[in-house]
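A.B. asks: sequence below, structure please.
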Amino acid sequence: MVFSNKKKRNQYKFYFEGSILEEDSNYKYLGIGFNKNLNWDGCRKKRILGGWKGWYALQNRCREAELRNWKASQTLLGLLVLPVILYGCELWASNTSGSQWKQSEQIQKHLITSKFKIKNTVPYEIMLSETGVAPIEAIVMVRLISYLKRIGTMEEGRWSKAVFNDTLCKRKKTWMQQNIKWLSKWNIYLNSCPTNSKEIKAFVMDKFHKWAWGNELARKKKYYITKFNSAYDHHQKAYIRAYISWKAKCIIAQLRTNSHQLHSEIGCWKRPKETWEERVCIFCTSGKVETEKHFILECDVFKDVRDKYNKLLTEGSWYDLFSEDFVERLGPLVSILHRKRADLQKSVRSYVLSHRLC
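C.D. replies: This next block holds a predicted model:
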């Protein structure tokens, strides 16, 4: 194999014992596919395809075992699927574009959306903030930095150390320069990185969250910050680890990520699109927009249900309801409210259909 990034065909011929050696365009070594054009696209696609195969196999096994526990699902993904995707990532990661990273992140995004029944259009950064999960790109960065730090501490006679210190490695468009450019995306510089693996992970995640909160979430979804996460908390939310039913967890996740069926959300689905003031609650006569807060705290139709949890609602504010002190009592309340609203909506729909037939 002759490595070259030029489009021209190789004019050189190599002989061994009088015979011309056959030239190959692809070669696999230790499970990593090398291409003569120095392109990692084929290797990356195989890693992602293998990850999807592992994910679907895991999903089928979890469905058969009726496994709903989030921590167990997340652990199994990290043990069975992510190693398939990340194999050899130290080589091909720096040559991966933003759109290609999104393809690999789809597997983890699919796990979150399928578990909590939230919309696929919810920004990925919000899903990570709710579940406290690290993005695959951040995990790869941690592995790459650990690998580079390990090479830096090697003895001078080692082959890896010699290649790392070679002047060719310092030139433009080399593997090392691509890594430096990729890490600078989140303002990460090798000289400022710690050496311990746990410290590296905390360092990279801190940089990611600063980038996510400063650029992505502030630009895309201000409602999420103002309504549910004004403290910019990026750790796993209390309702996920609380001792409440899985259905209650899904309902709370849907309310927090705007994946619900309240009129404040479905009003924008209509054509022509309803204005914010037109998305009023159809169950009460208050004339207020049916927001998450109105649904849980204000709607008069659910007053009888709310009276049973009066102590919960008087002790805590809107932001306190989702904290560790209140979320275990909020879970049953939200489940009852959701079930009663679904029954009312079904009655309203049948009433409208019967009058249309008349």
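A.B. asks: could you use CA atoms for every contact and neighbour count after this?
C.D. replies: Noted.
A.B. asks: low-confidence stretches in the stretch 151-300 of the chain?
C.D. replies: 166-173, 214-222, 225, 230-231 (pLDDT under 70).
A.B. asks: how about the strands in the stretch 1-150 of the chain?
C.D. replies: Applying DSSP state E, counting those that start in this stretch to the stretch 1-150 of the chain gives strands spanning 15-16, 19-20, 26-29, 32-35.
A.B. asks: and the first one, how far out from the chain's middle?
C.D. replies: Centroid separation for strand 15-16 versus its chain: 52 Å, with Cα atoms, centre = their mean, to the nearest Å.
A.B. asks: and of the strands of the stretch 1-150 of the chain, who's closest to F322?
C.D. replies: Of all the strands of the stretch 1-150 of the chain, strand 32-35 sits nearest to F322, with 45.9 Å by Cα to Cα.
A.B. asks: and the closest one, average pLDDT?
C.D. replies: The average pLDDT within strand 32-35 is 82.
A.B. asks: sheet partners, orientation included, of it?
C.D. replies: Strand 32-35 sits in its sheet next to strand 26-29 (antiparallel), going by DSSP bridges.
A.B. asks: any residues touching the partner strand, and which ones?
C.D. replies: Applying Cα atoms under 8 Å, 6 or more residues apart in numbering, the external contacts of strand 26-29 come out as 1, 33-36.
A.B. asks: contacts only, for the nearest residue to W211 once chain neighbours are set aside.
C.D. replies: Using Cα to Cα, 6 or more residues apart in numbering and skipping residues adjacent in sequence, the residue nearest W211 is W186, 6.3 Å away. W186 is in contact with 207-208, 211, counting by Cα under 8 Å, 6+ apart.
A.B. asks: about what we covered before: would you mind finding the most buried of the strands of the stretch 1-150 of the chain?
C.D. replies: Most buried of these, by mean neighbour count (mean count of other Cα atoms under 10 Å): strand 32-35, with a mean of 19.
A.B. asks: the spatially closest residue to F302 that is not a sequence neighbour sits in which helix or strand?
C.D. replies: Nearest in space to F302, with sequence neighbours left out and distances taken as Cα to Cα, 6+ apart, is L337 at 7.0 Å. L337 is part of helix 327-357, with elements assigned from DSSP states H and E.
A.B. asks: I'd like to know which elements that helix is packed against.
C.D. replies: Helix 327-357 is packed against helix 238-241, helix 246-256, helix 303-307, with contacts defined by 3 or more Cα pairs under 8 Å, 6 or more residues apart in numbering; DSSP states H and E.
A.B. asks: now tabulate the ones you listed in JSON lines and tack on mean neighbour count and distance to C284.
C.D. replies: Shown next, in JSON lines, are the helices and strands packed on helix 327-357 (neighbours: other Cα atoms under 10 Å; distance: least, Cα to Cα, whole Å):
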{"stretch": "helix 238-241", "mean neighbour count": "20", "distance to C284": "28"}
{"stretch": "helix 246-256", "mean neighbour count": "20", "distance to C284": "20"}
{"stretch": "helix 303-307", "mean neighbour count": "14", "distance to C284": "11"}
